[in-house]
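Colleague: After the sequence you'll find the predicted model.
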Amino acid sequence: MTKTAYLRPSGSGRAGLTRPMASLDGLLRAWLPGQRWFAGKDRPVTDLRLLSLTELFPGCLHLLVHAGHAGGHSGHAGVPAPGGTPPPGDIYQLLLGIQEHPSPRLGRALIGRAQDGPLAGLTVYDALLDPRSAQLFLERLRQPGSAGPLRFETDRAQPVPAGLVPRVLDAEQSNSSLVYGDEFILKVFRRIQPGVNPDLEVPVALAGQGCARVPAPVAWFRTTQPQPATLGVLQPFLRDASDGWTLALHALATGTDFTTHARELGRATADVHLALAAAFPTGAPGENGRTAAAMAERLDAAAHSVPALRPFVPGLRGAFSALTTCDPGPPAQRIHGDLHLGQVLRAGREWFVIDFEGEPSRPLAERRSAQSPVRDIAGMLRSFDYAARQRRPWRPEWARRCREAFCAGYAARAGWDPRKKHGLLRAYETDRAVYEVIYEARHRPDWLPVPMAAIERLAVRGD
Ligand SMILES: Nc1ncnc2c1ncn2[C@@H]1O[C@H](COP(=O)(O)OP(=O)(O)O)[C@@H](O)[C@H]1O
Ligand SMILES: O=P(O)(O)O[C@H]1O[C@H](CO)[C@@H](O[C@H]2O[C@H](CO)[C@@H](O)[C@H](O)[C@H]2O)[C@H](O)[C@H]1O
């Protein structure tokens, strides 16, 4: 029997689960905070619990762990962990390679060598960063079936060929993505919330509507334990694509026109909104009173954790309260939820939209609810402002021209013009800027001045 065979969960479940943690606990506590996708960087991991463990193939384990932060705030609603109520925290998906004689070229995949417990002496690494493991994982994904609580499903109409060579996508991200043979991209969700992930649900529904703006999933996997949750999605890879952020920065640097792209982006956004409205139930035109109250609540929470926001709170509240008296706007519907220039890809002569997870810090139920499409429009308009502020001197007229073009393109397709909904747009842009302040404070403090400049403008001038 190999040493890793000790890891196979025993029939009794819980005892089989706790034993490997004796080996992994210290290694994972040290490694997790260094990962971009780990949300609790500002708080020590005080409690690490194994929720499920499955051997995917020899030497590769699939784990769901709950990382708790005693005394800290919860990132998400957690799943009850075995062994009593866990402190607030999040659930993470890990694929671990465990070898006695690992490749000497593990590089940044290396997590460490287990010192204690049943794995003492074995090397532990991130299997997604190891080409051999990543290749074997694709073999597992290609075939529908199950392994312990894991379920692997495919779209039989889009078979995935064997033997595609993997490479890790280097972009700093909220999840981990692998590209296989420039044909497919696999996104492995890292922070797991119970329920269907919109990044699977939405592209599948849009494919059903014949919407070609979103790559259609070809395979996916999910867990049934400790609660059903989506774990990863394989989609066609758009070769030679450039994301909107890169294209915008290039246009700013070279002085080339971006308004044509912005106009087409407006049209593409409207196409996706129309397909979403056809695929999912729609609501009544926005209940602006409730929306204003929710925005004000988010502002208060943000000002509590980022003191720089506090002087602007009264002015920003004005943007929200104006919602109660303005035109209710278009009906609520499913939206993208985190639309910005990094979420749109230009391939050939078309724009494609990716990453339907929504704002990662919002609860899943909220991200899957019908909301005003103005939220997405505001997200993209904020993104033009972000891009314009990447260069000195700041180019406000560049952002303004992109806004105009984007809204004109949107109006031409959707049949209503976002520029005529000034009050709504201001409220949603303010809400988005508040979200960005929190995001930057947590993830990229150097970028905080970008949304703060917008906060100042929206609070004082309101344009
Ligand atoms: N279908 C695709 N074709 C080509 N590149 C893609 C595709 N999907 C994602 N990407 C690339 O992967 C990056 C990360 O994808 P994304 O879904 O935004 O992950 P995350 O949620 O981790 O940020 C994108 O910025 C894009 O460059
Ligand atoms: O990781 P995701 O792409 O899902 O989104 C998160 O990270 C984004 C940054 O990578 C962040 O976007 C903000 O910065 C962008 C430039 O890097 C800018 O284009 C966006 O307009 C701005 O919101 C996004 O908010 C966050 O959810």
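Modeller: Cool, the structure landed. Ligands and ions are numbered 1, 2, ... in the order given.

Colleague: check whether stretch 245-257 contacts ligand 1.
Modeller: No. For stretch 245-257, no contact with ligand 1 is found by Cβ under 6 Å from any ligand atom; the gap never falls below 8.2 Å. Just so you know, the C-beta spots here come from the backbone N, C-alpha and C atoms, and that holds for glycine as well.

Colleague: Buried residues in that stretch, which are they?
Modeller: 245, 247-249, 251-252 (16 or more other Cβ atoms under 10 Å).

Colleague: Please work out which residue of the chain is closest to ligand 1.
Modeller: Residue nearest to ligand 1 within the chain: Gln173 (3.1 Å; Cβ to the nearest ligand atom).

Colleague: Assign that residue to helix, strand or coil.
Modeller: Look at Gln173: counting by DSSP: H, G, I helix; E, B strand; the rest coil, its state is coil.

Colleague: so it makes contact with Trp37?
Modeller: Yes. Under the criterion of Cβ atoms under 8 Å, Gln173 makes contact with Trp37 at 6.8 Å.

Colleague: Could you check which of the two is surrounded by more residues?
Modeller: Trp37 (17 against 14; other Cβ atoms under 10 Å).

Colleague: pLDDT below threshold where in the stretch 151-300 of the chain?
Modeller: 172, 285-286 (pLDDT under 70).

Colleague: So which residues of it form helices?
Modeller: 198-208, 244-254, 259-279, 288-305 (DSSP state H, counting those that start in this stretch).

Colleague: possible to save these as CSV with distance to Ala433?
Modeller: Shown next, in CSV, are the helices of the stretch 151-300 of the chain (distance: least, Cβ to Cβ, whole Å):
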stretch, distance to Ala433
helix 198-208, 23
helix 244-254, 17
helix 259-279, 19
helix 288-305, 10
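
Colleague: Of these, which is nearest ligand 2?
Modeller: That would be helix 244-254 among those, by Cβ to the nearest ligand atom, at 5.3 Å.

Colleague: what comes into contact with that closest one?
Modeller: Contacts to helix 244-254, defined as Cβ atoms under 8 Å, 6 or more residues apart in numbering, come from residues 256-258, 261, 265, 340-346, 351, 383-384, 387-388, 390-391, 395, 398, 402.

Colleague: before we move on, what about stretch 402-414?
Modeller: 248, 258-260, 262-267, 269-271, 273-274, 330, 373, 377, 380-381, 384, 387-388, 417-419.

Colleague: That stretch near ligand 2 anywhere?
Modeller: No. Contact of stretch 402-414 with ligand 2 (Cβ under 6 Å from any ligand atom) is absent, the minimum separation being 11.9 Å.

Colleague: what is the rounded mean pLDDT of that stretch?
Modeller: In this model, stretch 402-414 has an average pLDDT of 98.

Colleague: now it, how far from the chain's geometric center?
Modeller: 26 Å (Cα atoms, centre = their mean, to the nearest Å).

Colleague: do you know how far Arg167 is from ligand 2?
Modeller: Distance of Arg167 to ligand 2, computed by Cβ to the nearest ligand atom, to the nearest Å: 20 Å.

Colleague: I'd say that residue and Glu183 touch.
Modeller: No. Counting by Cβ under 8 Å, Glu183 is not a contact partner of Arg167; they are 11.6 Å apart.

Colleague: Tell me which of those two has more neighbours.
Modeller: Glu183 (15 against 12).

Colleague: Can you get me a residue count around the closest residue to Leu234 other than its chain neighbours?
Modeller: Of all residues not flanking Leu234 in the chain, Ala219 sits nearest, at 4.2 Å (Cβ to Cβ, 6 or more residues apart in numbering). Close neighbours of Ala219, defined as other Cβ under 10 Å, add up to 23.

Colleague: Which residues does Ala219 form beta bridges with?
Modeller: Going by DSSP bridges, Ala219 is paired in beta bridges with Thr154, Leu234.

Colleague: which residues does it contact?
Modeller: 141-142, 152-155, 160, 233-234.

Colleague: Buried subset of those as a PyMOL selection?
Modeller: Buried subset of the contacts of Ala219, written as a PyMOL selection, criterion 16+ other Cβ under 10 Å:
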select buried, resi 141+142+152+154+160+233+234
